[in-house]
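Trainee: what's the 3D shape of this:
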Amino acid sequence: MTPTANLGYQSFYQAQLTAGISAADLTIPLDVVPTPSEGFLVLESTSSTKREIIYYTSKTSVSVVCPAGGRGYDGTTAQTHLQNSAVIMAPVAAMFEAMRDLFETTPQGWTPVTQTVSSVSYSGNRSYTLTMSADVSATLSPGMRVKTTRTVTAPIQCADLESGSSQYFTKASPAGTTFTDDWSASAWVKLESYTGARNIIINRSDYSTQGFGLAIESSGRVEVGSFRIAGNNSITTSYQSIPLNKWVHVAATTDLSGASVLVYIDGVLVPSLTTVSGTITALVQYTGDLRIGALSSAASQYFDGKIAQAAVFSAVLSAATIRSYYSQGLTGTETSLVSAYSFNGVITDLNTTNANNLTAQASAVATNADSPFGQDSNGVTAGTTDYALVMKVATTTVTVQVPEGCTIPTSGGVSAIAYSTATSPFGYTLDKERWAGRYILKTSNDKTSAITIATYYNINGNNFTLPVGGGWDIRGITSGVVTHAGVTYLATTIALSTSASTLVDERLAASTHFSNASLIENNIRYSAFTGTLTVTSATPVYVLNWTNQSATTLLRTSYMDVTYIPSGI
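Mentor: Down below sits the predicted model:
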């Protein structure tokens, strides 16, 4: 029986018993009920022989109720007391001990939410919807901080591979890799550099004539490869690049016979380009090793950074399935799973049926103390607690945003939730970089034909999604160019907009204009822009290009780096 954070105190409280009680009674009738719902009372404090301390945990309008063991508390003895006996609330040792213990063991600044979390769904881009057991609109509001406690402890380690040391993992003759058409792969990655031709994540191919692979190419874009025979392959590359030194979830699904390859970043489908050479409606399965962190056919193209939860599947996964695997460690029993590796201190296959256990090369280990799950303000991962910012509340539905390094489990359960109105309660991070979403274009995106004067174009469908609810502070930098056969005045704009064809907010635009005798080119060179967007639902934000001249021969965005942060941080 331990006092809780609800323990209270009321100055100058005094009352009388409205009826006599025995030493066994747990309901104590009073003419005046104390204000706190949990506390300590002293019965007959002026009598050294009848003095008794009680601990109560609930009350009615006419009594307080003690739990078992709540009578004769703190070294006193439970005994009978007559009607009209005096009752006071006085400082007692047990009260100070309870407050000391609560201060030492309970992180400060948090209040438990009495309603429980019934279910959790992940919307992508670190946005979650919590369904509560009852209405919480009188308790929670946008801008509050919350923390959730996991029922099942999340993985707390990963593999940290160093490309300069040629580290990787390998498995010869892996079981379960007989698929030739549909396949998927996913992993959590924390890339440390854009190195070489590509950073291989998971691969069983020679990247030429046989096999499959998921990688990050040299500009940070996600790359998916399927290979049949020499000159017959399918290479899909996301337009968007992933940032360095941040945990990012990448996934890809491939249906070769259906000519469909999809790329997901943090659970969101992103625009990509598929280039097919020759004919490939099916791949030829490679006979060499399955490797994590290096090319299978030759020890090269090493991954430089951290990897966790790497997996390959022999089927096309739906977007909902990919999102459901995002928030907790894989189990090894997922449908169509070939192999999965948590790298949580081990390099064994989670799928014990195939049991494609890995062998470490160049002293590669899976014991790095870092994880995409459950990080506190110091970046320490205990695997039990995740933190979030409330973005929207509607009766029993709460939309929250988590920082990098936190995910709220959508299976396995949330055992408790607490809230705070403080800016920085215990364990909560205010590091803006951990809250920042990043959208990066590191390669040129061009429109070279059918360019109409004063028309906004969303080239290659480039966009990112702002999560649900509230305001977002946006800052970015961009470069680009417009070319023309030759005019006196040439202008161009690169902008962000919630419309794919109209500029909505001029603050989110970078422009340049120039006048000369015969202009054939004008450049935007690393121009910055800032602004705020407020959205009530998950909203695509499009990259737009514009020019003031007809007969323009090229519109190009050559670079863009956008950071968006919840306005409440």
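Trainee: is it true that Trp435 touches Ile569?
Mentor: Yes - look at Trp435 against Ile569 with C-beta atoms under 8 Å: they come within range, at 4.8 Å. The C-beta positions use only the backbone N, C-alpha and C, and glycine is treated the same way.
Trainee: overlap in contacts of the two?
Mentor: Common contacts of Trp435 and Ile569, defined by C-beta atoms under 8 Å, 6 or more residues apart in numbering, comprise Leu389.
Trainee: what about the helices in the stretch 1-150 of the chain?
Mentor: Secondary structure of the stretch 1-150 of the chain by DSSP state H, counting those that start in this stretch: the helices cover 93-105.
Trainee: would you map the strands across it?
Mentor: Counting by DSSP state E, counting those that start in this stretch, residue ranges of the strands within the stretch 1-150 of the chain are 14-16, 27-29, 39-43, 52-56, 58-59, 63-65, 86-88, 111-112, 117-124, 127-132, 145-150.
Trainee: and the longest one, which strands flank it?
Mentor: For strand 117-124, the paired strands and their directions (DSSP bridges) read strand 127-132 (antiparallel).
Trainee: now do the buried residues in the strand it pairs with.
Mentor: Within strand 127-132, the residues scored as buried using 16 or more other C-beta atoms under 10 Å are 127-130, 132.
Trainee: likewise stretch 505-513?
Mentor: Those would be 508-510, 512, for stretch 505-513 by 16+ other C-beta under 10 Å.
Trainee: who touches it?
Mentor: 474, 476, 478, 489-497, 503, 522-525, 527-533, 548.
Trainee: the most centrally placed residue in the chain and Thr4, how far apart?
Mentor: Central residue of the chain (C-alpha atoms, centre = their mean): Arg126, 3.8 Å from the mean position. Per C-beta to C-beta, to the nearest Å, Arg126 is found 32 Å from Thr4.
Trainee: pretty sure Ile494 sits against Thr547.
Mentor: No - here Ile494 lies out of contact with Thr547, judged by C-beta under 8 Å, at a distance of 10.5 Å.
Trainee: of these two, which one has the most company?
Mentor: Set Ile494 next to Thr547 and count neighbours by other C-beta atoms under 10 Å: Ile494 wins out with 29 against 25.
Trainee: for that one, give its distance to Val562.
Mentor: For Ile494 relative to Val562 (C-beta to C-beta), the value is 11 Å.
Trainee: need the overlap of contacts for the two.
Mentor: Both Ile494 and Val562 lack any common contact, where contact means C-beta under 8 Å, 6+ apart.
Trainee: assign Asn344 to helix, strand or coil.
Mentor: coil (DSSP: H, G, I helix; E, B strand; the rest coil).
Trainee: which ones are touching it?
Mentor: 155-158, 308, 329, 366, 371.
Trainee: can you pick out the most distant pair from these?
Mentor: Using C-beta to C-beta, these reach their maximum pairwise distance at Gly329 and Ala366, which is 12.8 Å.
Trainee: show me where the stretch 151-300 of the chain dips below the pLDDT cut-off.
Mentor: Counting by pLDDT under 70, the stretch 151-300 of the chain shows no low-confidence range.
Trainee: what residues of stretch 423-432 count as buried?
Mentor: For stretch 423-432, the neighbour count (16+ other C-beta under 10 Å) marks 425, 427-429 as buried.
Trainee: redo the residues you listed as a markdown table? Include pLDDT.
Mentor: Output for those, formatted as a markdown table (pLDDT from 0 to 100):
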| residue | pLDDT |
| --- | --- |
| Pro425 | 94 |
| Gly427 | 93 |
| Tyr428 | 96 |
| Thr429 | 95 |
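Trainee: can I see the domain layout of this protein?
Mentor: According to automatic domain parsing, the chain comprises the domains 14-105, 111-154+373-431, 159-361, 437-566.
Trainee: tell me the most buried of the ones you listed?
Mentor: When those are scored by mean count of other C-beta atoms under 10 Å, the highest mean neighbour count falls to domain 159-361 (a mean of 20).
Trainee: what's the end-to-end length of that one?
Mentor: End-to-end distance for domain 159-361, by C-alpha to C-alpha, to the nearest Å: 12 Å.
Trainee: relative to Ile307, how far out is Arg221?
Mentor: Relative to Ile307, Arg221 is positioned 17 Å away (C-beta to C-beta).
Trainee: scratch that, Ile347 is what I was asking about
Mentor: From Ile347 to Ile307 the distance is 11 Å (C-beta to C-beta).
Trainee: quick check: neighbours shared by these two?
Mentor: Applying C-beta under 8 Å, 6+ apart, one finds that Ile347 and Ile307 are jointly contacted by Ala159.
Trainee: which stretches of the chain have low pLDDT?
Mentor: Residue ranges of the chain with pLDDT under 70: 1, 99-107, 517.
Trainee: how about the helices in it?
Mentor: Counting by DSSP state H, the chain has helices at residues 93-105, 319-324, 432-435.
Trainee: how about the strands in the stretch 251-400 of the chain?
Mentor: In the stretch 251-400 of the chain, the segments counted as strands under DSSP E, counting those that start in this stretch are 260-265, 268-270, 272-277, 290-292, 305-313, 337-341, 359-361, 385-394, 397-401.
Trainee: what's the closest of those strands to Ser415?
Mentor: Among those, strand 385-394 comes nearest to Ser415, with 10.4 Å by C-beta to C-beta.
Trainee: the closest one pairs with which strands?
Mentor: Applying DSSP bridges, one finds strand 385-394 paired with strand 145-150 (antiparallel), strand 397-401 (antiparallel).
Trainee: can you lay out those as CSV showing distance to Ala19?
Mentor: Listed next are those as CSV, based on distance: least, C-beta to C-beta, whole Å:
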stretch, distance to Ala19
strand 145-150, 42
strand 397-401, 45
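Trainee: which of those sits closest to Gly70?
Mentor: Closest approach to Gly70 among the strands paired with strand 385-394 is made by strand 145-150 (27.2 Å; C-beta to C-beta).
Trainee: put the alpha carbons of that closest one into CSV.
Mentor: Taking Å, rounded to 0.1, in the frame of the first residue of the first chain, the C-alpha atoms of strand 145-150 are listed here in CSV:
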residue,chain,number,x,y,z
ARG,A,145,2.6,17.4,-23.7
VAL,A,146,1.8,13.7,-23.2
LYS,A,147,3.9,10.6,-22.5
THR,A,148,2.8,7.1,-23.1
THR,A,149,4.1,3.9,-21.4
ARG,A,150,4.5,0.7,-23.4
